[in-house]
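Chemist: Take a look and give me a structure for this.
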Amino acid sequence: MTSTVTSLAARSRLSSAAAAARRLRAVWMLLLVGVVLTIASPVFLTHNNLMNVGLATSVAALLAVGQTYVIILAEIDLSVGAALGFTAVVTAQTLRDHGLVAGIAAGVAAGAAIGLVNGLLVTKTRMPSFIATLATMSVLSGLSLQLTKGNPVAVTDYDFQGIGQSRIAGVPVPVVIMLVVFAVAGYLLARTRFGRHVYATGDNTEAARLSGVRTDRVKILAFVLSGVLAALAGFILTARLSTAEPTAGTGLELEAIAAVIIGGTSLAGGRGTLLGTLVGALVLGVIDNGMNLLDVSPFLQNVVKGLVILLAVFLDRNIDALRALIPKRADGTAQSGPSHRGTAPAKTP
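Modeler: Below is the predicted model:
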């Protein structure tokens, strides 16, 4: 059984040529945008501006970490933006009334509970994750507004503010937190048994289940992780602004999903890396920053970002068709991609 799970995970993780092509696609996109902005604006490559890019990217990037796990499982979590807003409000109100430790604990607990509910809805009721998390997104948005009556909650705790406003060796703390989370979550995904089970479940849930993987448990844990990271993103945003806005996370779920897709994670499940997600988040952050430097209209900024997302989804869905146009090598190894998904059960011992 273990060898079967390992082979399923390895085949998904490495779906090699396609996975490498997806990662390189994001890297080339980042380099291209960086070169264009370096030429267009002398400010772009300055230390302060690059730190601003990292700071602005950190919140959506943290959401994208949890989203990567969920999408590799061939699911989706539309509630992360609303979860960020709700956990931010819970944290700020508890912080105000009961202190720093209680505030952080309440925020983490709320995020984990949201993820647990999402996971149970998906695994126990067999509700599609799109519908389940769309429903929880609506519920959380309403609860956030009800708790605050639509008003922001001020945060005056100096230590908490330091999470979003301090620097370590000139690097903003949110950027440090983002990099640490990516490193830990990346190791967990690529090097641990749980990570192998995530890939195997996303590649072929039934084959993984028959091989002894507790697929429902894997999915629940992924949604819980997504909820906890939404809470962490809420901490950072609230600390940066010194206030918790009930609508703070509106739209951030789309940015997180876009970062994951641009980074090469397949919407069909079974393939993806957190390194790719980090690059995808940076692509979006650099585009945002560049358009601000060039005084592009905010309305046009949304148009540009939408086109980038469309391009990424098009490439994700058609990468194999495009690769098929390239002549095969003599050994015939050019073909890869979704074709393995249908044959996985037959190859399972």
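
Chemist: Residue 108 is in contact with residue 90, correct?
Modeler: No. Between residue 90 and residue 108 there is no contact under CB atoms under 8 Å: 9.9 Å. (C-beta placed from N, C-alpha, C; glycine too.)

Chemist: between those two, which one's more packed in?
Modeler: residue 90 (24 against 18; other CB atoms under 10 Å).

Chemist: quick one: residue 121 and residue 134 touch, right?
Modeler: No. Contact criterion CB under 8 Å: residue 121 and residue 134 do not qualify, at 10.8 Å.

Chemist: Compare those two and say which is more crowded by neighbours.
Modeler: residue 121 (19 against 16).

Chemist: average pLDDT for the helix or strand where the more buried one lies?
Modeler: If you go by DSSP states H and E, residue 121 is part of helix 100-124. Computed over helix 100-124, the mean pLDDT rounds to 97.

Chemist: Which positions in it come out as buried?
Modeler: For helix 100-124, burial by neighbour count (16 or more other CB atoms under 10 Å) applies to 103-104, 106-115, 117-123.

Chemist: Run the chain-centre distance for that helix.
Modeler: With CA atoms, centre = their mean, to the nearest Å as the basis, helix 100-124 stands 17 Å off its chain's centre.

Chemist: Give me the angle between the following helix or strand past that helix and helix 100-124.
Modeler: As assigned by DSSP H and E, the chain's next helix or strand after helix 100-124 is helix 129-148. In terms of direction (axes from the mean of the first three to the mean of the last three CA atoms, to 10 degrees), helix 129-148 departs from helix 100-124 by 150 degrees.

Chemist: Contacts for helix 129-148, please.
Modeler: By CB atoms under 8 Å, 6 or more residues apart in numbering, the surrounding residues in contact with helix 129-148 are 70, 75-79, 81-83, 85-86, 89-90, 93, 114, 117-118, 121-122, 125, 244, 246-247, 250, 253.

Chemist: hmm, which of those residues are the buried ones?
Modeler: Buried subset of the contacts of helix 129-148 (neighbour count, 16+ other CB under 10 Å): 70, 75-79, 81-83, 85-86, 89-90, 93, 114, 117-118, 121-122, 244, 246, 250, 253.

Chemist: Skip ahead from the helix or strand where residue 37 lies and say which helix or strand is next.
Modeler: For residue 37, the host element (DSSP H and E) is helix 16-40. Once helix 16-40 ends, the next helix or strand along the chain (criterion: DSSP H and E) is helix 47-72.

Chemist: Extract the C-alpha set from stretch 94-106 and format it as CSV.
Modeler: This file holds the C-alpha atoms of stretch 94-106, laid out as CSV (Å, rounded to 0.1, in the frame of the first residue of the first chain):
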residue,chain,number,x,y,z
THR,A,94,-10.7,39.7,22.0
LEU,A,95,-7.4,41.6,22.1
ARG,A,96,-9.2,44.8,23.2
ASP,A,97,-11.1,43.0,26.0
HIS,A,98,-8.7,40.2,27.2
GLY,A,99,-5.2,41.0,26.0
LEU,A,100,-2.6,39.9,23.4
VAL,A,101,-2.4,36.1,24.1
ALA,A,102,-6.2,35.6,24.2
GLY,A,103,-6.6,37.7,21.0
ILE,A,104,-4.2,35.6,19.0
ALA,A,105,-5.5,32.3,20.4
ALA,A,106,-9.1,33.4,19.6
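
Chemist: so what's the residue most central in space within the chain up against?
Modeler: By CA atoms, centre = their mean, the chain has its centre lying nearest to residue 64, at 1.2 Å. For residue 64, the contact set (CB under 8 Å, 6+ apart) comprises 255, 256, 257, 259, 260, 263, 277, 280, 281.

Chemist: secondary structure class for the second one?
Modeler: Assigned with DSSP: H, G, I helix; E, B strand; the rest coil, residue 256 falls in the helix class.

Chemist: so it touches residue 59, yeah?
Modeler: No. Residue 256 is beyond contact range of residue 59, at 9.2 Å (criterion: CB under 8 Å).

Chemist: out of those two, which sits in the busier spot?
Modeler: A side-by-side neighbour count of residue 256 and residue 59, using other CB under 10 Å, places residue 256 first with 36 against 27.
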